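Asks: Fold the following for me, if possible:
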Amino acid sequence: MRRSNRLSAEEKAIVYQTIVPDDNFVLEEFIRSRRIRNVRETTIKYYVDAINVLKRDRSNIHVEKAIMHLSQRDLEDMIMYWKGFMRINTINSKIKAIKAYYNYLYQQGFIKVNPCENFSLLRVREEIRETLNSDEIKKIANHFKKKETFSSYRDLVIFQLLLDTGVRISEAVGINIQDIHNDYIVVVESKNLKQRIVYISKGMKGKLDSYLKIRGDISHTRVFINRDQLPYSKNTFQQNLRGAGRFCGIQKQVSPHVCRRTYAKNAILAGMDAFSLATLLGHSSLEVTKRYVQIWGNDLKGQSKLKKDYSNLF
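Replies: As a prediction, the model looks like this:
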């Protein structure tokens, strides 16, 4: 077989008597390249976590070679191994990170062949994902209301905000006071740092105004805070919301993303088009939004006139 005329990074190291790159070296270079491109630290962690899982699990497919030298067949075997215990969406998330990693290695000459060149995401079966109905929303809202504490009122406001706007929880906890306007909020998308406008109902604006009076004036402008007056953690809210769902006897999963999905479902029921919904949700493409329309647009057409404004439940 004819050899490649392109020198690999290891061969260049021999020629120029420089450092021979290993997994640790190329990973540090990859991380450095992401930081130069101003990629968020949370996204960098997502890359590193995926690569570390790849490194951890390689022995399970009887491979001991360096991660940077895995072949397409090795990666295919790894995916088959992951399919035994991981959700397809989780595997696809790892594939995206791994592709970015190997694309970088190939572009920079660390490897001669890109093992991900012909890789594509796994097909995801279309299924009706869980959403909250009005009774479940009311139960959770009442659970937060009856506690009569600052923490529970804050969580009530966030819960309503997620349902009223469809924002991600990372976007909700990142809102600053100056971002709130009379009928809209400017949010910063957690994935790409882009700003977008989401519109709020009168009931939501009133709830935010009440919360801000209770919050008071403190040294920073982040809207949602904990009892130590520090910015509120999305993980803490996720735990509190999950706990509220369990306490209320709701069998389905209760999470911020379920609230986002509930917003999308009700927007589709109200006749919103896919492009407008994608813009409001901050989707980078219409793919996910179209899937929502396919799932709910036909099955539920004309069944209900659900309102997006849940103020009467709060």
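Asks: can I see the domain layout of the protein?
Replies: 9-107, 134-313 (automatic domain parsing).
Asks: Endpoints of the last one, how far apart?
Replies: What it means is domain 134-313. 8 Å (C-alpha to C-alpha, to the nearest Å).
Asks: and if you look at stretch 66-84?
Replies: OK, stretch 66-84 end separation, C-alpha to C-alpha: 23 Å.
Asks: quick one, what contacts residue 182?
Replies: residue 205 (C-beta atoms under 8 Å, 6 or more residues apart in numbering). For glycine as for every other residue, the C-beta is placed from the backbone atoms N, C-alpha and C.
Asks: that's a helix at it, yeah?
Replies: No - counting by DSSP: H, G, I helix; E, B strand; the rest coil, residue 182 is not found in a helix; it is coil.
Asks: ok, so what distance separates it from residue 163?
Replies: 20 Å (C-beta to C-beta, to the nearest Å).
Asks: likewise residue 35?
Replies: 36 Å.
Asks: The two: who's more crowded?
Replies: residue 163 (25 against 12; other C-beta atoms under 10 Å).
Asks: Could you confirm the more buried one falls within a helix?
Replies: Yes - according to three-state DSSP, residue 163 belongs to a helix.
Asks: show me the contacts for the closest residue to residue 67 other than its chain neighbours.
Replies: Distance criterion C-beta to C-beta, 6 or more residues apart in numbering; nearest residue to residue 67, sequence neighbours excluded, is residue 23 at 4.9 Å. Contact partners of residue 23, counting by C-beta under 8 Å, 6+ apart, are 55, 66-68.
Asks: Which ones among the residues you listed lie within strands?
Replies: Here DSSP state E is the test, and the contacts of residue 23 give no hits in strands at all.
Asks: Just the buried ones out of those residues, please.
Replies: By neighbour count, with 16 or more other C-beta atoms under 10 Å, the contacts of residue 23 hold 67-68 as buried.
Asks: What is the burial count for residue 189?
Replies: The number of residues near residue 189, taken as other C-beta under 10 Å, comes to 18.
Asks: going forward, begin numbering at 47 instead of 1
Replies: Shifting the count to begin at 47 puts that one at residue 235.
Asks: isn't it right up against residue 243?
Replies: No - using C-beta atoms under 8 Å, residue 235 is not in contact with residue 243; the gap is 11.5 Å.
Asks: secondary structure class for residue 309?
Replies: Assignment for residue 309 (three-state DSSP): helix.
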